[in-house]
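Student: sequence plus the predicted model coming up.
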Amino acid sequence: MVFVLSNSQPAFQSGLRSSELQSLHKRRRYELLASYRGTSFAETQNLCLSASKPDKSRQIQPFEEPSVLFKTAASVDTSGGLTSISSKNSSVLQANRQDQRYKTLARYRGISLVEKRQTSSVQLQDTPRIQLLGKRKRLSDVDHENSDFPSAAKRLRLSEGTPQQKRPTMIRLKGRRKGTDSGPKSVSEPPKTASTIKSEQPRTPVIWIIGSSYIRRGEEAAQRQFGTNFGLRAKVQWFGKGGMRWGGVLPRFYSEAPTHGPPDILVVHAGGNDLGLVSPVELASQIQKDLSHLHKDFPEMRIAFSAINERQSWRYGRPGRINSNRKQVNSLLRRAVRSFGGLVIEHPELRFFNNTLFLPDRVHFSKRGNSLFLGSIHSVLEKILAQRCNT
């Protein structure tokens, strides 16, 4: 026979007598006790029947939690009804409690369950219990001094009779707060090794040169004229691309920065391919905005803008009109870069009417033109490095 209880109907309408309901509740109770203790249903029923009659004033409902059933079983054990329970069941209960305690302590101490089981029994017994109510607390946040359960390390020190060591005084190496002692404090310095001596030496400056085809062609010419690293006591890296407009400078910089790291000195030669496509005021404003953005992101980086050089031929307009726009852009940037401590590299010797400075395409430099172009950049970089050494 199967009985179905509905929450929407009273007990007298379901056709069940009170004795049948009580037997159903009792059976449900035996099932929960059996599942919680890990014993069979028949064994649990025999143990409960052999025990003394429990207090009927309190009935265990089917929806109660296993913790409530565990407390009920404990009350029956103290009454003497289940004193005949086997040592096997008692050991199972004790093992379950201990395993649950291991899991809780391991989770809040940040170690694995196997490591926690391998700890000493003294440390486990001396660890205070924590009630996980509200916000979760760490064991390190428990006040062992005011607690009735002192920590294991403290109890071991008290048992051995060794005095407690004071915590070492923290020393601020950079600055000192107001109100602190100004007396001499001894700091033990580790012995210097070869690696520490090497790290104390000044770091080699890093220089990036980003630009259009003038930079791409100038890298090979600089190798022949000045040697490696532009003949400077620094690490020079060239990032040139033919036809680069100003809009490609920042993407190239931020694409190389995660790999190589930001440089100490940045030289940019670009913007000439934009003349004729945008107005000189708009181009100068965009260059100033992007260079200021770089200075804001990397304030320790020195920025040098290489002025737009003259050409014999321009792609997007007549040479006279484009040359006038070029002068206007360079003039605006001379004043703009001073706002963030930058500078402009001038190329006064590169004049468009000197045919010996240009190739037959009337745009790129010849060997002599590259020598003058790179010489201007080299002399400015030498001055910047000298200022860094003096400071």
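Tutor: Structure's in. What do you need?

Student: the chain: helices as residue ranges?
Tutor: 18-37, 41-50, 66-78, 87-109, 113-117, 121-126, 152-160, 194-200, 213-226, 249-260, 280-297, 319-336, 367-390 (DSSP state H).

Student: neighbours of Gln225, just the number please.
Tutor: When neighbours are defined as other Cβ atoms under 10 Å, Gln225 has 16 of them. Placement of C-beta: from N, CA and C, glycine included.

Student: distance of it relative to Ser371?
Tutor: Counting by Cβ to Cβ, to the nearest Å, the gap from Gln225 to Ser371 is 6 Å.

Student: output the helices of the chain as a markdown table; include the columns mean pLDDT.
Tutor: Converted to a markdown table, these look like this (pLDDT from 0 to 100):
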| stretch | mean pLDDT |
| --- | --- |
| helix 18-37 | 79 |
| helix 41-50 | 77 |
| helix 66-78 | 42 |
| helix 87-109 | 68 |
| helix 113-117 | 58 |
| helix 121-126 | 47 |
| helix 152-160 | 51 |
| helix 194-200 | 51 |
| helix 213-226 | 95 |
| helix 249-260 | 93 |
| helix 280-297 | 95 |
| helix 319-336 | 94 |
| helix 367-390 | 94 |
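
Student: can you lay out these as CSV showing distance to Gly272?
Tutor: Formatted as CSV, the helices of the chain follow (distance: least, Cβ to Cβ, whole Å):
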stretch, distance to Gly272
helix 18-37, 83
helix 41-50, 91
helix 66-78, 80
helix 87-109, 64
helix 113-117, 66
helix 121-126, 74
helix 152-160, 72
helix 194-200, 42
helix 213-226, 8
helix 249-260, 12
helix 280-297, 10
helix 319-336, 7
helix 367-390, 12
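
Student: of all those helices, which lies closest to Gly243?
Tutor: Each of those has some distance to Gly243 by Cβ to Cβ; the shortest is helix 213-226, at 6.7 Å.

Student: what's the neighbour count on Glu43?
Tutor: 14.

Student: how about it, what does it touch?
Tutor: Ala34 (Cβ atoms under 8 Å, 6 or more residues apart in numbering).

Student: how much space separates it from Leu93?
Tutor: Where Leu93 is concerned, Glu43 sits at a distance of 14 Å (Cβ to Cβ).

Student: please apply the same query to Arg203.
Tutor: Using Cβ to Cβ, we find Arg203 at a distance of 66 Å from Leu93.

Student: same drill for the two, tell me which one is more crowded.
Tutor: The residue with more neighbours, out of Arg203 and Leu93, is Leu93; 17 against 8, by other Cβ under 10 Å.

Student: tell me, how many residues neighbour Asn325?
Tutor: Neighbour count for Asn325, taken as other Cβ under 10 Å: 21.

Student: same question for Tyr254.
Tutor: 12.

Student: equivalent analysis for Glu31, please.
Tutor: A count of neighbours around Glu31, defined by other Cβ under 10 Å, yields 14.

Student: need the contact list for Arg245.
Tutor: Taking Cβ under 8 Å, 6+ apart as the test, what Arg245 contacts is Ser212, Ala270, Gly271, Asn273, Asp274.

Student: relative to Thr39, how far out is it?
Tutor: Distance, Arg245 to Thr39, using Cβ to Cβ: 82 Å.

Student: again with Gly317
Tutor: 96 Å.

Student: of these two, which one has the most company?
Tutor: Between Gly317 and Thr39, counting by other Cβ under 10 Å, Thr39 is the more crowded of the two (19 against 14).

Student: find me the pLDDT at that one, would you?
Tutor: At Thr39, the model reports a pLDDT of 78.

Student: distance of it from Leu49?
Tutor: 14 Å.

Student: between those two, which contacts overlap?
Tutor: Here Thr39 and Leu49 have no joint contacts, going by Cβ under 8 Å, 6+ apart.

Student: list the contacts of Gly369.
Tutor: Residues near Gly369 by Cβ under 8 Å, 6+ apart: Leu350, Thr356, Leu357, Phe358.

Student: go again with 7 Å.
Tutor: When contacts are counted by Cβ atoms under 7 Å, 6 or more residues apart in numbering, Gly369 is found next to Leu350, Leu357, Phe358.

Student: Ser91 too?
Tutor: No contacts exist for Ser91 under Cβ under 7 Å, 6+ apart.

Student: and the gap between it and Ile377?
Tutor: Per Cβ to Cβ, Ser91 is found 84 Å from Ile377.

Student: residue ranges of each domain in this structure, please.
Tutor: In terms of domains, the chain is parsed into 18-85, 93-153, 204-390 (source: automatic domain parsing).

Student: out of those, deepest packed?
Tutor: domain 204-390 (a mean of 17; mean count of other Cβ atoms under 10 Å).

Student: quote the end-to-end distance of that domain.
Tutor: Start-to-end span of domain 204-390 (Cα to Cα, to the nearest Å) is 15 Å.

Student: and Met244, backbone torsions?
Tutor: Backbone dihedrals for Met244, given as degrees, to the nearest 10, come out at phi -70, psi 130.

Student: which residues does it contact?
Tutor: Applying Cβ under 7 Å, 6+ apart, we find Met244 in contact with Gly211, Ser212, Ala270, Asn273.

Student: which pLDDT value goes with the residue lying closest to Asp361 once chain neighbours are set aside?
Tutor: Nearest non-adjacent residue to Asp361, counting by Cβ to Cβ, 6 or more residues apart in numbering: Ser313, 7.5 Å away. As predicted, Ser313 sits at a pLDDT of 94.

Student: got the CA coordinates for stretch 285-299 in PDB?
Tutor: Extracted in PDB, the C-alpha atoms of stretch 285-299 (Å, rounded to 0.1, in the frame of the first residue of the first chain):
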ATOM      1  CA  SER A 285      47.300  68.700 -33.000                       C
ATOM      2  CA  GLN A 286      47.200  64.900 -33.500                       C
ATOM      3  CA  ILE A 287      50.900  64.500 -33.100                       C
ATOM      4  CA  GLN A 288      50.900  66.600 -30.000                       C
ATOM      5  CA  LYS A 289      48.000  64.600 -28.500                       C
ATOM      6  CA  ASP A 290      49.700  61.200 -29.200                       C
ATOM      7  CA  LEU A 291      53.100  62.300 -27.900                       C
ATOM      8  CA  SER A 292      51.500  63.700 -24.700                       C
ATOM      9  CA  HIS A 293      49.600  60.400 -24.300                       C
ATOM     10  CA  LEU A 294      53.000  58.500 -24.500                       C
ATOM     11  CA  HIS A 295      54.500  60.900 -21.900                       C
ATOM     12  CA  LYS A 296      51.600  60.300 -19.600                       C
ATOM     13  CA  ASP A 297      51.900  56.600 -19.800                       C
ATOM     14  CA  PHE A 298      55.700  56.600 -19.600                       C
ATOM     15  CA  PRO A 299      56.800  59.700 -17.700                       C
END
